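Q: I need the structure of the sequence given here:
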Amino acid sequence: MCLIVMVLSISVVHAQQFSLGVRAGGMLTWPGFSDSDVKDSFGRKIKHGFNVGLLVGFPLKNNYEVIVEGGASQRGRILTFNDKTWENHLTMQMTDMSMLLRKSFKITVRKNIPIQVFINGGPEINYWFRSVNGFLQVDGGKKFEYEIHHGENPPQDGVRYMTLKNINTWLFSFSLGTGIKAPLRNNRYITTELRFISGHTFMGKKDSAFINGMLWGSGNMQDTFETNLKTLSLSIAYTINIDVKESRKGKSTIKDPSKRRR
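A: Numbers count the residues shown, from 1 in each chain. Below is the predicted model:
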């Protein structure tokens, strides 16, 4: 990671070329468990989500490139328990920051139509800034909705709350992806990427969650936040290449003689 940061710093200072773009896609997320005891008590399902963001790329030598991304996503977690008859659905909003080192391979699919096939990988940091609500469902029946309260002693207003404590709001992951980058017109490109994001930070502890008004224990309500998040995303990006050196060509650097001081 330190090497990537150093390469990026050098590129930012000296680069005459870079790319700017926007990125959006869909996400499938599921929880990863910490140990076998958790796996014996809980199951998991896939939750749908999405992400949007901006990206900037700095080309390096030998068809390498550093990609820096920033954006936001909505993803979540579905835990099952009590022989998979209970489901706990939690929706989460996050800000996403990633730095990827990309290696591209140029391929000509048709005459004068080159494309790039690439692989990339690098760290991702997510900040869990919001989680408004979720719901419980038993045997596919009625949904019992709840709101989120961080800390002890939720409001006594008749609303069902899930109280969260000792939660990790900063989550660290590693991303690995592959895709295709195809040219459009005027230095513009369209990119499709399939990416796997492996979370390495637990969201909290086994006893981080509690829902008021619920019986806890085997056969009743159960939960654990000693889980991380695994995500598979499919995204499309639209980028434009910018060459600072080329954009300066044809511009005179000689001052107008009439404006010189006498």
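Q: any idea how far stretch 26-40 is from the chain center?
A: With Cα atoms, centre = their mean, to the nearest Å as the basis, stretch 26-40 stands 17 Å off its chain's centre.
Q: Contacts for it, please.
A: 42, 44-51, 73, 75-79, 198-199, 202, 206, 224, 226-235 (Cβ atoms under 8 Å, 6 or more residues apart in numbering). (Each C-beta comes from the backbone N, C-alpha and C, glycine too.)
Q: Rounded mean pLDDT for that stretch, please.
A: Averaged across stretch 26-40, pLDDT comes to 89.
Q: Please apply the same query to stretch 184-197.
A: On average, stretch 184-197 scores 95.
Q: Same question for stretch 45-56.
A: Mean pLDDT, computed over stretch 45-56, is 97.
Q: what comes up buried for that stretch?
A: Going by neighbour count (16 or more other Cβ atoms under 10 Å), the buried part of stretch 45-56 is Lys47, Gly49, Asn51, Gly53, Leu55, Val56.
Q: quick one, strands of the stretch 1-150 of the chain?
A: All strands of the stretch 1-150 of the chain, identified by DSSP state E, counting those that start in this stretch, fall at 17-33, 42-45, 47-59, 64-81, 86-110, 113-130, 133-138, 143-150.
Q: Comparing those, which comes out most buried?
A: Compared across the strands of the stretch 1-150 of the chain, strand 64-81 shows the largest average neighbour count, a mean of 20 (mean count of other Cβ atoms under 10 Å).
Q: which neighbours does that strand have in its sheet, and in what orientation?
A: With DSSP bridges as the test, strand 64-81 is paired with strand 42-45 (antiparallel), strand 47-59 (antiparallel), strand 86-110 (antiparallel).
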